[in-house]
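> coordinates for the following, if possible.
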Amino acid sequence: MKIITPYAKIIASPYYKEGDDKLFNIQDGIKLLRHIEWCGRISHRSEEQQTEDSWRRIIQNIVLEHGDWSIVEHAVVTVEAYVDRGITHEWVRHRLFSYTQESTRFVNYQKKIPPSFIRPDGMSEESTNVWNTLIDNCEKIYQYLLNTGHTPQIARSVFPNALASKLIITGNLRNWRHFLIMRTTKETHPQMKEVTIPLLTKFKQCIPLLYDDLEPNVRQIDNLRKPR
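Predicted coordinates:
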């Protein structure tokens with residue numbers, strides 16, 4: 001049984017390659033904000049007035065104070081998440097994102113890679129032992145079904161929500177703000193917050209201004225009063 005720690009990280013697409021650990025940084029974020037500024041300047045044909053740091057004034061005045069969030073939609077980032085299937089079911093409800101998800105129909109977890117599982121935090125020792133037994137049995141039954149001629153898309157039916165799945169999500173910066181407003185609140189599922197709260201921290205570190213007012217574990221009704 002392979003137990004993993006879930007994560008969500010911004011990747012520096014399109015230059016990211018598997019294994020490179022090429023993570024998104026503040027220079028990448030500022031490039032996106034400068035692109036947003038350039039797009040916003042088209043309305044007044046003031047592109048020639050753009051400087052190295054004029055993005056800060058434009059984002060502050062036009063987006064945050066004036067409320068023109070539409071120009072933020074011109075910039076996108078890609079996030080790689082490794083979470084359990086229960087959390088992927090919640091994540092893909094945010095329909096404005098583009099998704100690619102690890103397929104249990106086509107991945108043979110006996111030949112390709114071993115299945116990975118995510119154990120919820122906070123269980124008692126007794127509950128953990130019961131959980132481990134269940135996961136171990138599910139994995140053995142999956143292997144039995146494959147070994148008796150069933151395809152991965154049939155054998156997958158025995159896997160629980162605890163099965164880990166890699167998910168690639170691409171969305172514009174406005175989509176990400178809405179997602180982080182919704183999925184870092186007090187009411188959010190704890191296993192979702194396990195990855196979204198660190199993800200919010202990364203957005204705030206790498207993309208100045210746009211996410212500075214967002215704080216984790218606020219009531220959802222209060223978060224929804226924030227501009228988006």
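> what residues does the strand or helix carrying residue 30 touch?
Residue 30 is part of helix 26-41 when elements are defined by DSSP states H and E. Helix 26-41 is contacted by residues 12, 47, 49-50, 54-56, 58-59, 62-63, 68, 71-72, 74-75, 77, 173, 205-210 when judged by C-beta atoms under 8 Å, 6 or more residues apart in numbering. Every residue, glycine included, has its C-beta placed from N, CA and C.
> next: stretch 171-188.
By C-beta under 8 Å, 6+ apart, stretch 171-188 touches 32, 36, 69-70, 72-77, 79, 90-91, 94, 96-98, 192-193, 196-197, 199-200, 203, 207, 210-211, 214, 216-220, 223-224, 226, 228.
> quick one: average pLDDT of the longest helix anywhere in the chain?
Using DSSP state H, we find that the single longest helix of the chain is helix 125-147. The average pLDDT within helix 125-147 is 97.
> off-centre distance for it?
28 Å (C-alpha atoms, centre = their mean, to the nearest Å).
> using PDB, list the CA coordinates for it.
Provided in PDB are the C-alpha atoms of helix 125-147 (Å, rounded to 0.1, in the frame of the first residue of the first chain):
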ATOM      1  CA  GLU A 125      -5.100   4.400  15.900                       C
ATOM      2  CA  GLU A 126      -7.900   1.900  15.800                       C
ATOM      3  CA  SER A 127      -9.700   3.700  12.900                       C
ATOM      4  CA  THR A 128      -6.400   3.900  11.000                       C
ATOM      5  CA  ASN A 129      -5.900   0.200  11.300                       C
ATOM      6  CA  VAL A 130      -9.400  -0.500  10.000                       C
ATOM      7  CA  TRP A 131      -8.800   2.000   7.100                       C
ATOM      8  CA  ASN A 132      -5.500   0.400   6.200                       C
ATOM      9  CA  THR A 133      -7.100  -3.100   6.100                       C
ATOM     10  CA  LEU A 134      -9.900  -1.800   3.800                       C
ATOM     11  CA  ILE A 135      -7.400  -0.200   1.400                       C
ATOM     12  CA  ASP A 136      -5.200  -3.200   1.400                       C
ATOM     13  CA  ASN A 137      -8.200  -5.500   0.500                       C
ATOM     14  CA  CYS A 138      -9.300  -3.100  -2.200                       C
ATOM     15  CA  GLU A 139      -5.900  -3.200  -3.800                       C
ATOM     16  CA  LYS A 140      -5.700  -7.000  -3.600                       C
ATOM     17  CA  ILE A 141      -9.200  -7.400  -5.200                       C
ATOM     18  CA  TYR A 142      -8.200  -4.900  -8.000                       C
ATOM     19  CA  GLN A 143      -5.100  -7.100  -8.700                       C
ATOM     20  CA  TYR A 144      -7.300 -10.200  -8.600                       C
ATOM     21  CA  LEU A 145      -9.700  -8.800 -11.200                       C
ATOM     22  CA  LEU A 146      -6.800  -7.900 -13.500                       C
ATOM     23  CA  ASN A 147      -5.200 -11.300 -13.100                       C
END
